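Student: structure for this input, please:
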Amino acid sequence: MYIADFHIHSKYSRATSKDMELDGITKWARYKGVNLLGTGDITHFYWFYELKRNLKETDRFGIYNYKGIDFILTGEVCNIFEYKGITKKIHNIVFFSNFENAEKFNKIIERYGDLNSDGRPILQIEAKELLKIVNEVDDFGFIVPAHIWTPHFSLFGSNSGFDDIEECFGELTEEIFALETGLSSDPEMNWRLSKLDRFSLISNSDAHSPSKIGREANIFYDKFDFKGLIEILKNKKFKMTIEYFPEEGKYHYDGHRNCKVCFSPEETRKNNYLCPVCGRKVTIGVMHRVEILSDRKNKERPEKYVPFKKIVPLDQIIASVMNKELSSQIVQKTYFEIINKIGSEFDIFFKIDENELDNKIEKRILEGIKNVKKGNVIIKPGYDGEFGKVEIKIGLSKSKDELSLF
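Tutor: Below is the predicted model:
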């Protein structure tokens with residue numbers, strides 16, 4: 001089992017932790033059980049040279065290593081451009097096979113935006129033209145559209161996206177072979193669009209702080225090199241994706257955060273897409289967009305697909321059981337005691353038999369883990385930038401002691 005999280009950010013991106021540097025990132029990758037990370041922010045001058053100075057080449061083409069954690073060269077860029085008189089805002093993840101080609105890419109795109117203003121630069125260039133540049137500088141480089149349903153900056157986003165991938169990438173659409181589902185959708189939701197059947201659906205954390213690494217990830221059967229990854233994604237030959245419960249994502253439902261209005265798609269339609277508090281249009285979330293564009297019923301699957309498993313991160317389960325804030329000292333202390341005694345989070349979720357955990361983890365915490373694995377959770381959906389809230393049912397307690405995750 002080889003676990004990869006391809007989309008993270010460095011300390012040079014806006015709204016990120018100062019601990020998003022190599023030592024902090026690799027430390028938390030080990031806690032989580034992630035074997036390979038995307039570098040993120042490969043377009044940022046300072047981060048690029050920190051990576052180039054510290055990452056060591058491995059015997060696998062396009063794969064680097066730092067202190068036992070593998071890396072692949074990636075970055076997220078924001079494409080802002082006009083299409084038929086309408087401004088589009090699309091985020092894409094770029095993948096490069098070596099530093100030389102990434103540097104060539106940076107020298108070309110710096111004419112379209114300030115690369116050092118943000119680890120995720122804003123480029124005044126069409127997504128299709130970005131793909132052409134990637135192809136020009138790297139024979140093996142490729143693009144994955146990021147968090148494809150997010151309302152404000154994504155391929156199918158309600159505010160600035162498209163209804164069809166061909167509108168975005170035109171004649172180069174065939175060169176796109178993978179899509180990132182994002183925190184607010186899972187593969188099952190994406191399966192409702194038959195036009196997405198040919199794409200691999202990958203899941204990544206988009207982490208802005210080290211503890212968020214691996215909240216979504218991809219499980220492969222074994223290690224690979226850069227060219228091997230391309231073939232795996234083109235042929236959907238990996239084991240599964242690790243998913244957030246999509247309702248917990250901050251754009252799953254519709255609504256207005258400032259007005260504290262959260263609507264299901266049906267409620268939005270009943271209210272004529274207007275907020276009952278301020279009278280303005282609500283932000284249309286991921287579930288609503290999926291329903292608009294879908295041509296399959298819920299639970300239908302394509303002929304060929306990669307399975308997935310939903311989890312809640314271990315520290316959040318502990319916080320629920322203890323009825324404490326996630327950042328509290330007792331939650332953090334308990335988390336590290338478990339990790340140091342037993343192994344990584346993903347070892348606990350996917351490798352170690354539950355019977356082996358009986359005498360190693362406090363009973364209520366272990367029951368919380370088991371319930372999450374069974375999907376026995378209750379979720380208040382997220383909306384308009386507000387994360388959802390999850391309740392984990394603990395049967396060992398009386399109902400009055402059932403605790404909220406947050």
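
Student: in the stretch 301-406 of the chain, which spans are strands?
Tutor: Using DSSP state E, counting those that start in this stretch, the strands of the stretch 301-406 of the chain run over 308-310, 377-380, 389-392, 403-404.

Student: equivalent analysis for the stretch 101-250 of the chain, please.
Tutor: 122-123, 142-145, 178-180, 200-202, 217-220, 240-243.

Student: contacts for stretch 14-29?
Tutor: 5, 8-11, 13, 35, 37, 50-51, 54, 66-69, 118-120, 207-211, 213-214 (C-beta atoms under 8 Å, 6 or more residues apart in numbering). (Glycine included, C-beta is placed from N, CA and C.)

Student: ok, of those residues, which come out buried?
Tutor: 5, 8-11, 13, 35, 37, 50-51, 66, 69, 118-120, 207-211, 213-214 (16 or more other C-beta atoms under 10 Å).

Student: so for stretch 146-163, what's the average pLDDT?
Tutor: Per-residue pLDDT values over stretch 146-163 give a mean of 96.

Student: buried set for it?
Tutor: 146-151, 153-158, 160-162.

Student: compute the first-to-last residue distance for that stretch.
Tutor: By C-alpha to C-alpha, to the nearest Å, the extent of stretch 146-163 from end to end equals 15 Å.

Student: dump the strands of the stretch 301-406 of the chain to CSV, plus distance to residue 260, mean pLDDT and mean neighbour count.
Tutor: Listed next are those as CSV, based on distance: least, C-beta to C-beta, whole Å; pLDDT from 0 to 100; neighbours: other C-beta atoms under 10 Å:
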stretch, distance to residue 260, mean pLDDT, mean neighbour count
strand 308-310, 26, 96, 17
strand 377-380, 12, 91, 17
strand 389-392, 13, 87, 19
strand 403-404, 17, 36, 16
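
Student: could the ones you listed be laid out in JSON lines, adding distance to residue 18?
Tutor: Putting the strands of the stretch 301-406 of the chain into JSON lines (distance: least, C-beta to C-beta, whole Å) gives the following:
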{"stretch": "strand 308-310", "distance to residue 18": "31"}
{"stretch": "strand 377-380", "distance to residue 18": "31"}
{"stretch": "strand 389-392", "distance to residue 18": "28"}
{"stretch": "strand 403-404", "distance to residue 18": "30"}
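
Student: what's the closest of those to residue 293?
Tutor: The closest of those to residue 293 is strand 308-310. By C-beta to C-beta, the value is 20.1 Å.

Student: elements contacting the longest helix seen in the chain?
Tutor: For the chain, the longest helix by residue count, based on DSSP state H, is helix 329-342. Under the contact criterion of 3 or more C-beta pairs under 8 Å, 6 or more residues apart in numbering; DSSP states H and E, helix 329-342 touches helix 314-322.

Student: tell me the angle the helix it packs on makes with helix 329-342.
Tutor: Orientation note: helix 314-322 sits at an angle of 120 degrees relative to helix 329-342 (axes from the mean of the first three to the mean of the last three C-alpha atoms, to 10 degrees).

Student: check the offset of helix 314-322 from the chain's centre.
Tutor: The chain centre lies 21 Å from the centre of helix 314-322; the measure is C-alpha atoms, centre = their mean, to the nearest Å.

Student: list the helices and strands that helix packs on?
Tutor: helix 329-342, helix 363-374, strand 389-392, strand 403-404.

Student: going by neighbour count, which residues of the second one are buried?
Tutor: Of the residues in helix 363-374, those buried under the neighbour-count criterion (16+ other C-beta under 10 Å) are 364, 365, 366, 367, 368, 369, 371, 372.
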